[in-house]
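# Predicted structure and sequence below. I'll ask about it afterward.
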Amino acid sequence: MEKIVIKKNGLKLTQEEDIVQALDSVNGKACNWVIDTIKEVVDIAERAEVQFDEVHLPKTYRVGATAKAYGYAPGKGYKYGVDSTEIDLRRFPEGWRVMNVDRIKLYPADSRASKIKISLTVDQMDKVKEIIASRFDVQPEQLAA
């Protein structure tokens, strides 16, 4: 099976057949520890969006953020590394898009397993800091000591 090339603007989550084809081309015969269904990809996008909701980042500031999602890994009792999936997503105005799919090796109890790591631009990070800091007041210096 040949690897599917995902174009510069990625694949919308509504392009289900193309996403599944990309997953199939990368995963090959592997079926146990990989991300291989559109349902899993949509779930990843929803979980990434929840991370934005938790810090109350406005939707207008979400565009341009990237996320890296990892497949599954065995527990500590397993002795060998397994083939898994890594998916790169980017946030566009209408939602997340799949930008790249790769096959990776994960090891027993790997800390990356089943995780989503979001990367923000400097402006997005500044906005998150501003939002979080706005929830607090500064103590007078007499009380702080």
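Right, received. Where do you want to start? All figures in this text were calculated on a predicted structure; none of them were measured in a lab.

# List the contacts of stretch 28-36.
With C-beta atoms under 8 Å, 6 or more residues apart in numbering as the test, stretch 28-36 has contacts from 1, 20, 23-24, 27, 41, 44, 69, 71-74, 82-85, 87, 103, 106. For every residue, glycine as well, the C-beta is placed using N, CA and C.

# and what of stretch 54-64?
Residues from elsewhere that reach stretch 54-64, judged by C-beta under 8 Å, 6+ apart: 49, 52, 90-93, 121, 123-124, 127-128, 131-132.

# most neighbours, which of these?
residue 91 (23 neighbours; other C-beta atoms under 10 Å).

# and that one, that one's in a strand?
Yes. Counting by DSSP: H, G, I helix; E, B strand; the rest coil, residue 91 falls inside a strand.

# Look up the closest residue to it, ignoring the ones flanking it.
residue 65 (4.5 Å; C-beta to C-beta, 6 or more residues apart in numbering).

# How is residue 118 assigned, secondary-structure-wise?
Applying three-state DSSP to residue 118 yields a three-state assignment of strand.

# what's around it, how many residues?
18.

# With residue 73 instead?
Applying other C-beta under 10 Å, I find that residue 73 has 20 neighbouring residues.

# go on, residue 65?
21.

# Now do stretch 85-104, average pLDDT.
For stretch 85-104, mean pLDDT is 97.

# buried ones in that stretch?
Applying a neighbour-count criterion of 16 or more other C-beta atoms under 10 Å, one finds 85-91, 95-101, 103-104 buried in stretch 85-104.

# One more: stretch 28-45?
Those would be 33, 34, 35, 36, 38, 40, 41, 44, 45, for stretch 28-45 by 16+ other C-beta under 10 Å.
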